[in-house]
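Student: Predicted model and sequence follow; I will ask about them next.
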Amino acid sequence: MTSSLRLVTPVDRHEESEITISAETSELAQLETTSDALPVQAQVISIPVTPIALTIVGALFLTWFLKSFLKICNPNEILVLSGRKHRTESGQEVGYRVIFGGRVITIPILENVRRMDLSTMPVPVEVTNAYSKGGTPLDIQAIANVKVSSDPQTVGNAIERFLERDRSEIARVARETLEGNLRGVVATLTPEQVNEDRLQFAERIAYDVSRDLNKLGLHLDTLKIQSVADKMDYLRSIGRKRIAEIIRDAEIAEAEAMSQANRTEAETMQQAEVAKSQALGVIQQRQNEFRTIKAELEQQAKSEEERTDAAAKEARARAEQQLQTVRAELERLRLQADQVLPAEADREARTFFAKGQAAELAENAKAAALVNEMLADVWQQTGSDASELFLIQQIEMVLKEAAKVPNRLHLHNVNVIDNGDGRSLTGLMNTYPEMVKRFLDQVEQTLGIAVSLNLERGGNGKVEVPLEATSVSSPEMSH
């Protein structure tokens, strides 16, 4: 099958661009029963080119370009771009460049990209019959962690030696290098030093092997010694000897410790007895001092109690005295409040009342004098008829007052002893008219008005007295 791509671009702006794809297929299949071939004619498909199609084509091309030539470097690897000359930081010219992480766009055809893994590789190290100082063969097992160095100064050595090499081969080279250096370090140490101070032994190996690994572009992360043994039981003999010495020293130390413990116990018992005796003496002395102090304190307490009782009694007496004084003062105040103050208030009230009555009487007297004076003036101006006019105006009141005079005499029972002539009863009956007459005489003496005479002149000797004035309740009389 053959295909051809033809791009037709019109000269006129209004003409459309077309992509003509022709494909011709020949001899697709051959039938088993015939030898004739069925040709397939080419078909021409015209597709109009639009901005969207151009965008899609451009995006596909960009994606293909980035996927093919943009290289991403992971953190645990390096990219080696070979094919062009570059200078390192030291000025050396090499035919590659190294990318530590990130991304880079390669130049097609001119550059080739390779990757190197920087992950750690565990390298087991096992050395047998490594002769130590003194000629004792030792079997040593260790484990090391080795990786391709990421130092720009030494990574070139690893690129030149291990690029596109398998990691197992890198581990083999590192293991052989470690074994050689381990044998060299063991030869300078005694079996005791190798076995007892493994940390220092591993540090010496790491220090010696680091120079060789740097030349290979490798880096030693850690090195740990797992076991140290020998087939001649040298270390075991040393261990047994050391154990025997330790046991012997322990027995000697135990015996010395027991002896020292016995001596110490005896000395301690003796010191304890002495300390006990001294303590008993001190206790007895302190008890005597305590008894003395207790007696003194009891005496002081008793004296203080007596002084306190006396002071309390004295204070109680003073308090009683003050209380009596307060009571007397309270009694005085109570008497003053109950008797003196009411008496003084009553006296002052009576004084004020007497003054009020005196003032009232004085004012009444002044008023009466003024009235009498005015009445006298009117009387003089009126002449002889004044008394009659006055009496006519006041006759009813005068008679009423005259009739009240007998009522002021309260007599319940009057016993009359009569001789039989009836004079005693007559005299008793004339008592009330006599009292009225005397009242009228007093009025005449007081006011200067002859009531009886004026009544006789005005009424031809007849005086009309209202019934109210003449009705006087008579007392019960018994003969």
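Tutor: Received the coordinates, thanks. Numbering: from 1, shown residues only.

Student: Neighbours of Lys319, how many?
Tutor: No, residue 319 isn't Lys; it's Ala. 11 (other CB atoms under 10 Å). C-beta here means a position set from N, CA and C on the backbone, and glycine is covered the same way.

Student: Now do it against Thr325, distance only.
Tutor: Using CB to CB, to the nearest Å, we find Ala319 at a distance of 11 Å from Thr325.

Student: Tell me the secondary structure at Ile107.
Tutor: coil (DSSP: H, G, I helix; E, B strand; the rest coil).

Student: With Leu223 instead?
Tutor: strand.

Student: And for Ala376?
Tutor: helix.

Student: By residue count, tell me the biggest strand in the chain.
Tutor: Taking DSSP state E as the criterion, the chain has its longest strand at strand 70-87.

Student: So Ser119 lies in a strand, does it not?
Tutor: No: assessed with three-state DSSP, Ser119 is coil; it does not lie in a strand.

Student: so it touches Val146, yeah?
Tutor: No: using CB atoms under 8 Å, Ser119 makes no contact with Val146, being 10.5 Å away.

Student: Of these two, give the one with the bigger neighbour count.
Tutor: With neighbours defined as other CB under 10 Å, Ser119 and Val146 compare such that Val146 has more, 25 against 9.

Student: which element follows the helix or strand encompassing that one toward the C-terminus?
Tutor: Assessed by DSSP states H and E, Val146 sits inside strand 137-148. Following strand 137-148 in sequence order, the next helix or strand is helix 155-162 (DSSP H and E).

Student: Which strand or helix spans Asn288?
Tutor: helix 234-335.

Student: May I have stretch 339-354 exported as PDB, CA atoms only?
Tutor: Extracted as PDB, the C-alpha positions of stretch 339-354 are listed here (Å, rounded to 0.1, in the frame of the first residue of the first chain):
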ATOM      1  CA  GLN A 339     -41.700  62.200 135.400                       C
ATOM      2  CA  VAL A 340     -39.500  65.300 135.100                       C
ATOM      3  CA  LEU A 341     -40.100  65.900 131.400                       C
ATOM      4  CA  PRO A 342     -43.800  65.200 131.600                       C
ATOM      5  CA  ALA A 343     -44.100  67.500 134.700                       C
ATOM      6  CA  GLU A 344     -42.100  70.200 133.000                       C
ATOM      7  CA  ALA A 345     -44.200  69.800 129.900                       C
ATOM      8  CA  ASP A 346     -47.400  69.900 132.000                       C
ATOM      9  CA  ARG A 347     -46.200  72.900 133.900                       C
ATOM     10  CA  GLU A 348     -45.300  74.700 130.700                       C
ATOM     11  CA  ALA A 349     -48.700  73.700 129.200                       C
ATOM     12  CA  ARG A 350     -50.500  75.000 132.300                       C
ATOM     13  CA  THR A 351     -48.500  78.200 132.100                       C
ATOM     14  CA  PHE A 352     -49.300  78.600 128.500                       C
ATOM     15  CA  PHE A 353     -53.000  77.700 129.200                       C
ATOM     16  CA  ALA A 354     -53.200  80.200 132.100                       C
END
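
Student: For it, the averaged confidence score.
Tutor: Stretch 339-354 carries an average pLDDT of 80.

Student: Stretch 372-389 too?
Tutor: 69.

Student: Please apply the same query to stretch 106-121.
Tutor: Taken as a whole, stretch 106-121 has a mean pLDDT of 84.

Student: buried stuff in that stretch?
Tutor: 106, 111, 116, 118, 121 (16 or more other CB atoms under 10 Å).

Student: Rebuild those residues as a markdown table, extending it with distance to Ala312.
Tutor: A markdown table is the format used below for those (distance: CB to CB, whole Å):
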| residue | distance to Ala312 |
| --- | --- |
| Thr106 | 116 |
| Glu111 | 119 |
| Met116 | 109 |
| Leu118 | 102 |
| Met121 | 103 |
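
Student: Which one of those residues is nearest to Lys313?
Tutor: Nearest to Lys313, judged by CB to CB, of the buried residues of stretch 106-121 is Leu118 at 107.3 Å.

Student: Look up how far Arg165 lies from that closest one.
Tutor: With distances taken as CB to CB, Leu118 is found 14 Å from Arg165.

Student: low-confidence ranges in this protein?
Tutor: The chain contains residues with pLDDT under 70 at 1-49, 233, 235, 237-242, 379, 382-396, 398-399, 401-432, 443-479.

Student: okay, now the domains of it?
Tutor: 1-49, 118-232, 383-478 (automatic domain parsing).

Student: about what we covered before: tell me the angle of the helix holding Asn288 relative to strand 137-148?
Tutor: 60 degrees (axes from the mean of the first three to the mean of the last three CA atoms, to 10 degrees).

Student: list the helices and strands helix 234-335 packs on?
Tutor: helix 191-196 (3 or more CB pairs under 8 Å, 6 or more residues apart in numbering; DSSP states H and E).

Student: Would you mind pulling the contact partners of the helix it packs on?
Tutor: 132-134, 136, 138, 140, 186, 200-201, 228, 230, 234-235, 238 (CB atoms under 8 Å, 6 or more residues apart in numbering).

Student: Could you provide the residues you listed in a markdown table, with additional columns for neighbour count and distance to Ala257?
Tutor: Compiled in a markdown table, the contacts of helix 191-196 are given as follows (neighbours: other CB atoms under 10 Å; distance: CB to CB, whole Å):
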| residue | neighbour count | distance to Ala257 |
| --- | --- | --- |
| Ser132 | 24 | 38 |
| Lys133 | 14 | 38 |
| Gly134 | 10 | 37 |
| Thr136 | 18 | 37 |
| Leu138 | 23 | 38 |
| Ile140 | 26 | 40 |
| Val186 | 25 | 41 |
| Gln200 | 12 | 34 |
| Phe201 | 22 | 36 |
| Val228 | 20 | 35 |
| Asp230 | 21 | 36 |
| Tyr234 | 18 | 33 |
| Leu235 | 17 | 31 |
| Ile238 | 16 | 27 |
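
Student: Arrange these in TSV, one row each, with distance to Val378 as further columns.
Tutor: Converted to TSV, these look like this (distance: CB to CB, whole Å):
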residue	distance to Val378
Ser132	176
Lys133	177
Gly134	179
Thr136	179
Leu138	175
Ile140	171
Val186	174
Gln200	162
Phe201	166
Val228	169
Asp230	177
Tyr234	178
Leu235	173
Ile238	173
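
Student: nearest to Ile247, of the residues you listed?
Tutor: Closest to Ile247, out of all of these and judged by CB to CB, is Ile238, at 14.7 Å.

Student: in the stretch 1-150 of the chain, which spans are strands?
Tutor: With strands called from DSSP state E, counting those that start in this stretch, the stretch 1-150 of the chain shows them at 2-8, 18-25, 40-48, 70-87, 93-105, 112-117, 121-131, 137-148.

Student: Just name the most buried of those.
Tutor: strand 137-148 (a mean of 20; mean count of other CB atoms under 10 Å).

Student: what are the pairing partners of that one, and which direction each?
Tutor: strand 121-131 (antiparallel), strand 218-229 (antiparallel) (DSSP bridges).

Student: can you tell me which of those strands comes nearest to Val94?
Tutor: Nearest to Val94, of the strands paired with strand 137-148 and by CB to CB, is strand 218-229 at 18.9 Å.

Student: Thanks a lot, see you next time.
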